[in-house]
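Novice: Build me a structure from this.
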Amino acid sequence: MFIVSHELQQGLLQLVLPKYHPSELSISAIYPVSRYLSTKVYLLVDFLQEGFGNQPDWKP
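Specialist: The predicted structure is shown next:
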């Protein structure tokens, strides 16, 4: 979901700050414990997991 992942994969961009390492971004979904999880909550958590839970395409 990164804006320039395609350009990074193709080698069209040049590294300008090789020693800079941004801090990692974390996201949490907090919801009340109940016997049945709302479909909306389930779909949101699934969406967040799919979008942010995996390594970006440009990382080995």
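Novice: First-to-last residue distance for stretch 32-46?
Specialist: 16 Å (C-alpha to C-alpha, to the nearest Å).
Novice: What lies in contact with that stretch?
Specialist: Applying C-beta atoms under 8 Å, 6 or more residues apart in numbering, the contact partners of stretch 32-46 are 29, 31. Just so you know, the C-beta spots here come from the backbone N, C-alpha and C atoms, and that holds for glycine as well.
Novice: do that again at 10 Å, thanks
Specialist: The set of residues that contact stretch 32-46 without belonging to it, under C-beta atoms under 10 Å, 6 or more residues apart in numbering, is 29, 31, 53.
Novice: pLDDT wise, what is the residue sitting nearest the centre point of the chain at?
Specialist: Among the residues of the chain, the smallest C-alpha distance to the mean C-alpha position (C-alpha atoms, centre = their mean) belongs to residue 52, namely 2.4 Å. Looking at residue 52, its pLDDT reads 74.
Novice: residue with max distance from the center of the chain?
Specialist: Residue of the chain lying farthest from the centroid, by C-alpha atoms, centre = their mean: residue 35 (28.5 Å).
Novice: And it, how close does it get to residue 6?
Specialist: 44 Å (C-beta to C-beta, to the nearest Å).
Novice: could I get the contacts of stretch 32-46 as CSV with distance to residue 41?
Specialist: Output for those, formatted as CSV (distance: C-beta to C-beta, whole Å):
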residue, distance to residue 41
29, 8
31, 5
53, 16
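Novice: Of those, keep whichever come out buried.
Specialist: Among the contacts of stretch 32-46, not one is classed as buried by 16 or more other C-beta atoms under 10 Å.
Novice: Need phi/psi at the closest residue to the residue nearest to the centre of the chain other than its chain neighbours.
Specialist: Closest residue to residue 52 in three dimensions, ignoring its sequence neighbours and counting by C-beta to C-beta, 6 or more residues apart in numbering: residue 27, at 5.6 Å. Taking degrees, to the nearest 10, you get phi -140, psi 140 for the backbone angles of residue 27.
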